[in-house]
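Novice: make a model of this:
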Amino acid sequence: MAQKSVLIVEDEITQSTLLEGIVTRAGYVPFVAQTGAEALDFMEDKQGEAIDIVLLDLVMPGMDGLEVLQKLRPQKPNLPVIMLTAHSSINTVVDAMRAGANDFIVKPASAERIRTAISAGLETASLVGEIEPMQKGLSIAGFDSLVGDSPAMQRAVELARKASTASIPVLIDGESGVGKEVFARAIHAASERADRPFVAVNCGAIPENLVESILFGHEKGAFTGATEKRIGKFEEANGGTLFLDEVGELPADVQVKLLRALQEREIDPVGGKTSIKVDIRVISATNRTLADCVAEGSFREDLFYRLNVYPINLPPLRNRREDIPALVQHFLKLIPEMEALPERNISQAALSALINYHWPGNIRQLQNAIFRAVILSERDTLEPPDFPHLNGLQPAMTVDTSSTQIQLPPQPQGGFSAGVNAESPLISLVANEGHVRRLADIECEVIRRTISHYDGKMAEVARRLGIGRSTLYRKLEEYGLKR
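Specialist: Next up is the predicted model:
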């Protein structure tokens with residue numbers, strides 16, 4: 001697998017050298033720019049296409065980091081950017097997050113903090129939404145641009161069409177990558193609010209201490225560092241639609257305020273003295289089973305019923321494989337238009353391989369696979385070798401329902417804890433010396449294999465294991481697992 005590349009944008013030579021060493025020791029390939037203008041020129045050049053993540057200093061002479069990010073984000077909407085600064089405040093963090101930063105690090109930071117941020121940013125990059133031009137097209141054409149004629153897809157579309165005729169809350173449920181935001185945009189585009197704002201918020205990507213401020217806004221002086229008034233996402237969406245993705249990740253105190261906002265149709269900015277009336281239509285989405293979260297006590301039951309007025313379940317791609325040929329043709333037409341490339345065809349062998357793959361990342365993973373193949377292939381017709389990153393496009397795992405034993409693909413030697421046969425598709429309870437293995441060792445192995453099975457898609461791993469993503473990352477750190 002090719003090494004990931006990191007662009008370091010830092011004007012101080014000492015800091016730049018330090019970061020370059022950390023990045024190199026972490027196994028990434030560093031590139032360095034000393035000014036914002038130099039960084040933008042680099043990203044516009046051909047070599048900028050190889051950059052996987054950016055470490056961006058906030059305070060630089062000439063063009064500062066925020067300006068660089070604002071100019072970079074429209075061209076690279078899914079490129080992870082980590083902001084670095086020695087001068088932090090709540091307003092600075094909010095400005096960086098609003099501009100599209102994935103993380104915010106206060107200097108000086110430990111090498112471990114920087115490595116963790118890079119790793120998390122790269123992980124997020126594999127899970128972020130659909131290609132931006134496709135989303136924009138769907139926001140205009142609505143349901144006419146949704147691809148797929150399978151019965152499961154048509155049932156979901158029919159429910160969504162009916163939802164667009166009213167302003168009742170909609171909860172879209174489905175695995176990561178099935179297109180929940182695409183459906184939300186289609187519902188908005190077909191509704192009476194189509195000419196008003198559509199504001200999307202990924203609740204799982206906002207730092208916990210900023211969720212309330214970003215959703216509801218804050219007044220000047222509301223807390224240390226609040227030097228000016230900020231409106232929240234609710235006010236931004238006033239008159240239109242607010243899409244709350246990963247709503248199950250909201251902290252408990254914010255769930256209370258969200259419930260009140262939905263019930264009373266008004267919000268209370270942080271530090272505000274009066275409530276503000278808002279007229280919005282809320283569409284929420286989750287890749288977790290919220291009913292289970294309610295049972296666990298991590299999600300409010302009254303909020304669940306308020307959001308779950310009109311549920312829509314989007315099927316995973318493996319349950320509607322008959323839609324894959326149409327999706328492939330759709331992406332083969334869309335991507336060359338976006339990148340000004342010649343159109344590509346696909347061979348029957350490659351198409352069959354795509355149809356037979358289990359697609360743990362769903363439509364997003366399929367789209368990215370086609371995107372990479374179109375960009376990198378020198379053939380007019382795509383063949384199976386043009387999709388090497390899908391592990392040979394192996395078919396989905398098989399489930400023996402008579403014995404309830406799941407047959408996992410064989411793992412490489414050395415990838416398991418002591419006492420486990422690396423060729424066995426099952427996880428052993430007993431170690432080689434005959435004693436029962438420690439519970440922690442078994443849990444570590446379950447997590448390791450689950451990550452491998454779902455191609456490192458951490459949101460799906462957490463969902464399948466029935467734990468929160470923060471819990472999963474904590475266990476990765478605890479067991480020393482390398483993603």
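Novice: which element is encountered next along the chain beyond the helix-or-strand element of the chain with minimal mean pLDDT?
Specialist: Ranked by mean pLDDT, DSSP states H and E, the weakest helix or strand in the chain is strand 405-407, scoring a mean of 32. Following strand 405-407 in sequence order, the next helix or strand is helix 439-453 (DSSP states H and E).
Novice: dump that next one to PDB, keeping only the CA atoms.
Specialist: The C-alpha coordinates for helix 439-453 follow below in PDB (Å, rounded to 0.1, in the frame of the first residue of the first chain):
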ATOM      1  CA  LEU A 439     -11.100 -11.600  28.000                       C
ATOM      2  CA  ALA A 440      -9.100  -8.600  26.900                       C
ATOM      3  CA  ASP A 441      -7.100 -10.700  24.400                       C
ATOM      4  CA  ILE A 442     -10.300 -12.100  22.900                       C
ATOM      5  CA  GLU A 443     -11.800  -8.600  22.700                       C
ATOM      6  CA  CYS A 444      -8.700  -7.300  21.100                       C
ATOM      7  CA  GLU A 445      -8.800 -10.000  18.500                       C
ATOM      8  CA  VAL A 446     -12.500  -9.400  17.800                       C
ATOM      9  CA  ILE A 447     -11.900  -5.700  17.200                       C
ATOM     10  CA  ARG A 448      -8.800  -6.400  15.000                       C
ATOM     11  CA  ARG A 449     -10.700  -8.900  12.800                       C
ATOM     12  CA  THR A 450     -13.800  -6.600  12.600                       C
ATOM     13  CA  ILE A 451     -11.600  -3.700  11.400                       C
ATOM     14  CA  SER A 452     -10.100  -5.900   8.800                       C
ATOM     15  CA  HIS A 453     -13.400  -7.300   7.600                       C
END
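Novice: which positions in it come out as buried?
Specialist: By neighbour count on 16 or more other Cβ atoms under 10 Å, the buried set for helix 439-453 is 441, 442, 444, 445, 447, 448, 449, 450, 451, 452, 453. Where C-beta positions appear, they are placed from N, C-alpha and C, glycine not excepted.
Novice: distance of the third one relative to residue 112?
Specialist: Distance from residue 444 to residue 112, counting by Cβ to Cβ, to the nearest Å: 20 Å.
Novice: now for residue 35: which residues touch it?
Specialist: By Cβ atoms under 8 Å, 6 or more residues apart in numbering, residue 35 lies in contact with 9, 11, 60, 61, 62, 63.
Novice: for ChimeraX, write the select line for the buried members of the residues you listed.
Specialist: ChimeraX command restricting the contacts of residue 35 to the buried ones, with burial defined by 16+ other Cβ under 10 Å:
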select :9,11,60,63
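Novice: tabulate the contacts of residue 35 in JSON lines, adding columns for distance to residue 171, secondary structure and pLDDT.
Specialist: Listed next are these as JSON lines, based on distance: Cβ to Cβ, whole Å; DSSP: H, G, I helix; E, B strand; the rest coil; pLDDT from 0 to 100:
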{"residue": "9", "distance to residue 171": "40", "secondary structure": "strand", "pLDDT": "92"}
{"residue": "11", "distance to residue 171": "47", "secondary structure": "coil", "pLDDT": "83"}
{"residue": "60", "distance to residue 171": "43", "secondary structure": "coil", "pLDDT": "84"}
{"residue": "61", "distance to residue 171": "48", "secondary structure": "coil", "pLDDT": "82"}
{"residue": "62", "distance to residue 171": "47", "secondary structure": "coil", "pLDDT": "83"}
{"residue": "63", "distance to residue 171": "42", "secondary structure": "coil", "pLDDT": "86"}
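Novice: which among the contacts of residue 35 gets closest to residue 479?
Specialist: Checking those against residue 479 by Cβ to Cβ gives residue 9 as the nearest, at 33.7 Å.
Novice: and the closest residue to residue 272 other than its chain neighbours, its phi and psi?
Specialist: Of all residues beyond its chain neighbours, the one nearest residue 272 is residue 219 (5.1 Å), with distances taken as Cβ to Cβ, 6 or more residues apart in numbering. Main-chain dihedrals, residue 219, degrees, to the nearest 10: phi -90, psi 160.
Novice: can you check residue 6 too?
Specialist: In terms of degrees, to the nearest 10, the main-chain angles of residue 6 are phi -120, psi 130.
Novice: that one: neighbour count?
Specialist: If you count neighbours by other Cβ atoms under 10 Å, residue 6 ends up with 27.
Novice: relative to residue 79, how far out is it?
Specialist: Distance of residue 6 to residue 79, given as Cβ to Cβ: 11 Å.
Novice: cool, and residue 360?
Specialist: Applying Cβ to Cβ to residue 360 and residue 79 gives a distance of 23 Å.
Novice: contacts only, for residue 383.
Specialist: Applying Cβ under 8 Å, 6+ apart to residue 383 gives the contacts 347, 349, 350.
Novice: identify the residue spatially nearest to the second one, adjacent ones excluded.
Specialist: Spelled out, that is residue 349. Here the residue nearest residue 349, using Cβ to Cβ, 6+ apart, is residue 384, at 5.7 Å.
Novice: surely that neighbour touches residue 351?
Specialist: No - counting by Cβ atoms under 8 Å, residue 384 sits too far from residue 351 to count as a contact (9.6 Å).
Novice: show me what counts as buried in stretch 203-218.
Specialist: The neighbour-count check on stretch 203-218 (16+ other Cβ under 10 Å) flags 203, 204, 206, 211, 212, 213, 214, 215, 216, 217, 218 as buried.
Novice: mind exporting it as CSV, just the C-alpha atoms?
Specialist: Written as CSV, here are the backbone C-alpha positions of stretch 203-218 (Å, rounded to 0.1, in the frame of the first residue of the first chain):
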residue,chain,number,x,y,z
CYS,A,203,-22.8,15.9,14.9
GLY,A,204,-20.1,13.3,15.4
ALA,A,205,-17.4,15.5,13.9
ILE,A,206,-17.8,18.6,16.2
PRO,A,207,-15.7,18.8,19.4
GLU,A,208,-17.9,18.1,22.3
ASN,A,209,-17.2,21.4,24.0
LEU,A,210,-18.3,23.3,20.8
VAL,A,211,-21.5,21.4,19.9
GLU,A,212,-23.9,23.7,21.7
SER,A,213,-22.3,26.9,20.4
ILE,A,214,-22.2,25.6,16.8
LEU,A,215,-25.8,24.4,16.8
PHE,A,216,-27.4,27.2,18.7
GLY,A,217,-24.9,30.1,18.5
HIS,A,218,-23.5,32.3,21.3
